[in-house]
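J.: requesting a structural model of the entry that follows:
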Amino acid sequence: MILGAASITAFAATQQKILVLGDSLSAEYGLARGMGWVALLEKKLAKEKINATVVNASISGETTSGALSRLPALLHVQKPNLVIIELGGNDALRGMTIAQIEKNFMQLVDLSQKNGAKVLLLGMQVPPNMGPTYAREFASTYQHVVKSTKVAFVPFFLKDVADVPNARDQFQTDGIHPIATSHPTMLANVWPDLKKLLK
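T.: Sure thing, here's the model as predicted:
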């Protein structure tokens with residue numbers, strides 16, 4: 001079937017754009033190209049016949065501060081309908097204060113919403129060696145942001161990957177980045193909430 005000019009224009013007008021703002025978990029660190037959850041998301045959208053494109057603006061090592069400095073330009077150029085924020089892990093590993101992390105998340109959400117985009121926040125947890133107090137406060141940061149902004153939320157992005165008995169087998173040799181076979185599970189954690197935000 002060949003679409004006419006009017007049909008192509010209508011198709012483009014209804015197409016949604018998803019901006020993924022993440023760190024190495026979303027940037028395919030240590031994986032072959034096309035094996036990460038964002039690439040799998042693109043295939044999922046096509047399979048579900050959902051008219052949407054994905055822009056992966058994730059960078060390995062990214063922090064909420066770094067993302068905040070990049071987001072205004074990304075919003076201006078890409079004009080996304082939906083922003084997925086997958087950040088926080090590197091902030092914790094670098095010992096950033098809970099107050100600063102929460103402030104950055106609030107600004108990331110605010111910027112996105114002011115530019116007309118819906119937001120899906122992906123929650124993370126820190127390793128036990130960070131200490132129980134920091135771990136508890138870090139987790140509560142996401143809850144505070146969600147409560148204040150009413151954004152959609154996936155409580156734990158690495159559910160059924162990092163919290164299972166054989167968790168070590170789900171990660172690369174560095175113990176930080178999931179292997180390719182774990183990424184379908186990561187997408188499965190995101191998809192139910194993401195689908196609700198897509199028209």
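J.: give the contact list for residue 92.
T.: 101, 124, 126, 130, 134, 138 (C-beta atoms under 8 Å, 6 or more residues apart in numbering). Backbone N, C-alpha and C define where each C-beta goes, glycine included.
J.: adjacent strands (with direction) for the longest strand along the chain?
T.: For the chain, the strand reaching the highest residue count under DSSP state E is reported as strand 16-22. Here strand 16-22 is paired, per DSSP bridges, with strand 52-56 (parallel), strand 82-86 (parallel).
J.: determine which stretch of those strands is the most buried.
T.: Across the strands paired with strand 16-22, the average number of neighbours (mean count of other C-beta atoms under 10 Å) peaks for strand 82-86, which reaches a mean of 26.
J.: what's the offset of it from the middle of its chain?
T.: From the chain centre to the centre of strand 82-86 is a distance of 5 Å (C-alpha atoms, centre = their mean, to the nearest Å).
J.: which SSE is immediately downstream of it?
T.: helix 89-93 (DSSP states H and E).
J.: quick one, the next helix or strand after that following helix and strand 16-22 angle?
T.: Using DSSP H and E, the helix or strand that follows helix 89-93 in sequence is helix 98-114. Following axes from the mean of the first three to the mean of the last three C-alpha atoms, to 10 degrees, one obtains 170 degrees for the angle between helix 98-114 and strand 16-22.
J.: from the contact counts, what lies against the helix or strand that helix 98-114 is followed by?
T.: Heading C-terminal from helix 98-114, the first helix or strand you meet, by DSSP H and E, is strand 118-122. For strand 118-122, the packing partners by 3 or more C-beta pairs under 8 Å, 6 or more residues apart in numbering; DSSP states H and E come out as strand 82-86, helix 98-114, helix 132-149, strand 152-154, helix 183-197.
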